[in-house]
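Asks: 3D model of this:
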Amino acid sequence: MAETAGFLDAVKRHRAKIGVALVSLLLVFWLIIALQRSVILLTDPDLVAKALGLAYLLLPLIGGWAMIRELLFGMQTSKMANELDAEGGLPVDDLPRTPAGRIVRSAADARFPEYQAEVEAAPDDWRGWFRLSCAYDAAGDRTRARRSMRTAGKLYNAAR
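Replies: Down below sits the predicted model:
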């Protein structure tokens, strides 16, 4: 029974990584199938089939590039989060939540200026950009959150 509880605890701790691994495996499977289909079309004597095969070949190439880019982004984000956590610099997750578990938008918006001012005071510090990204995410602005995290990543790499 203790082994099962330990296994379940490990699964809960690494739930996001397990999810990423499963989705990545499914994407790789799809990419292999798409690559196979494009090769079949390319070997067909019909010119239209060859053109479709060439076009279909682009799908696995673009999909593979996007998957690798996102995995690298996730690994870098995780590395920065671990470093900030070790420094005690991660934003505290104490915002009120709805019964569904979502952060109350008005509370996130009220705290946002604090993180924005930090970035304005030190625009070359990746830590501030990381925290600003977390604030954007809490406020529900995923586009700006990713953009800020990418800026944090560039500054983080430049500091290394």
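
Asks: Val28: what's it in contact with?
Replies: When contacts are counted by CB atoms under 8 Å, 6 or more residues apart in numbering, Val28 touches Met67. (Glycine included, C-beta is placed from N, CA and C.)

Asks: What strand or helix carries it?
Replies: helix 15-42 (DSSP states H and E).

Asks: what mean pLDDT would you report for that helix?
Replies: For helix 15-42, the mean pLDDT works out to 90.

Asks: Now do the next helix or strand after it against helix 15-42, angle only.
Replies: Toward the C-terminal end, the helix or strand that comes next after helix 15-42 (DSSP H and E) is helix 47-87. Counting by axes from the mean of the first three to the mean of the last three CA atoms, to 10 degrees, helix 47-87 lies at 160 degrees to helix 15-42.

Asks: which strands and helices sit next to helix 47-87?
Replies: In terms of contacts (3 or more CB pairs under 8 Å, 6 or more residues apart in numbering; DSSP states H and E), helix 47-87 is packed against helix 15-42, helix 126-138, helix 142-159.

Asks: Which residue is the nearest non-sequential neighbour of the residue most central in space within the chain?
Replies: By CA atoms, centre = their mean, the chain has its centre lying nearest to Gly74, at 4.5 Å. Closest residue in space to Gly74, ignoring its immediate chain neighbours: Val20 at 6.7 Å, by CB to CB, 6 or more residues apart in numbering.

Asks: For burial, what's the neighbour tally of that neighbour?
Replies: Other residues lying near Val20 total 15 when counted by other CB atoms under 10 Å.

Asks: For Leu42, see how far away it is.
Replies: Using CB to CB, to the nearest Å, Val20 is found at 32 Å from Leu42.

Asks: Now for this protein, the helix or strand with the poorest mean pLDDT.
Replies: Least confident element among the helices and strands of the chain, by mean pLDDT, DSSP states H and E: helix 2-13 (a mean of 70).

Asks: Cool, thanks, talk later.
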